[in-house]
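A.B. asks: the sequence and its predicted three-dimensional model are supplied below.
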Amino acid sequence: MAKLRQKNPRTVRQAEEVRGLEHLSMDVAVNFSKGAQLSSHIHNVCAEAKEAIYTREEDVKFWLEKGVDGSMFEVLPQTSDLPDLQRCKLCADRWKPCICSYSLNIEWYPCMLKYCKTRDAGGKVSSYKCGIRSCQKGYTFDYYVPQKQLCLWDEET
């Protein structure tokens with residue numbers, strides 16, 4: 001690990017590669033009290049959000065194939081189920097159900113090894129590990145809330 005240390009750790013870095021925006025529909029709620037079956041970290045990371053832990057339907061299918069108890073999951077209403085369901089930022093009534101959005105952007109993270117090329121005395125090109133390539137990635141999570149009051153940050157966008 002010592003070889004991976006940054007030369008200038010206080011430097012503000014720019015990502016070399018932008019990996020774009022990934023849009024995820026969090027269409028299933030997870031029961032907090034049974035969440036330890038998925039990860040031992042859920043009780044620490046999600047302690048303040050006991051009633052609002054969400055995941056994707058494809059993740060649920062994966063966990064069910066691994067033998068996880070399906071009773072911890074609850075499929076949430078979708079826009080196709082409720083045609084009047086709006087995005088929270090468009091909803092005027094704070095007590096109506098809506099689809100909330102939360103965006104997260106990871107500005108800089110190490111994503112792969114960087115290889116450089118060199119020529120030897122005979123002119124032959126060879127590559128060697130010369131650092132770590134950095135990337136940037138964005139995510140937008142959409143999920144159902146029973147009332148807009150639970151999604152007030154969506155008004156800011």
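C.D. replies: That came through, no problem.

A.B. asks: could you point out which element follows the lowest-mean-pLDDT helix or strand in the chain?
C.D. replies: Of all the helices and strands that make up the chain, helix 42-45 has the lowest average by mean pLDDT, DSSP states H and E, namely a mean of 87. Using DSSP states H and E, the helix or strand that follows helix 42-45 in sequence is strand 54-55.

A.B. asks: just want the most central residue of the chain.
C.D. replies: residue 139 (5.7 Å; CA atoms, centre = their mean).

A.B. asks: tell me the spacing between it and residue 62.
C.D. replies: Using CB to CB, to the nearest Å, residue 139 is found at 19 Å from residue 62. The C-beta positions use only the backbone N, C-alpha and C, and glycine is treated the same way.

A.B. asks: kindly report the same for residue 31.
C.D. replies: The spacing between residue 31 and residue 62, counted by CB to CB, is 17 Å.

A.B. asks: those two: which has the busier surroundings?
C.D. replies: Each of residue 31 and residue 62 had its neighbours counted (other CB atoms under 10 Å), and the higher figure belongs to residue 31 (15 against 12).

A.B. asks: wait, a strand at the residue nearest to the centre of the chain?
C.D. replies: Yes: the assignment for residue 139 is a strand, going by DSSP: H, G, I helix; E, B strand; the rest coil.

A.B. asks: next up, the contacts around it.
C.D. replies: 21, 22, 23, 24, 103, 104, 105, 106 (CB atoms under 8 Å, 6 or more residues apart in numbering).

A.B. asks: how about the fourth one, nearest residue that isn't a chain neighbour?
C.D. replies: When you say that, I think you mean residue 24. The shortest distance from residue 24 to any non-neighbouring residue, by CB to CB, 6 or more residues apart in numbering, is to residue 141 (5.2 Å).

A.B. asks: host element of residue 84?
C.D. replies: When elements are defined using DSSP H and E, residue 84 is found to belong to no helix and no strand.
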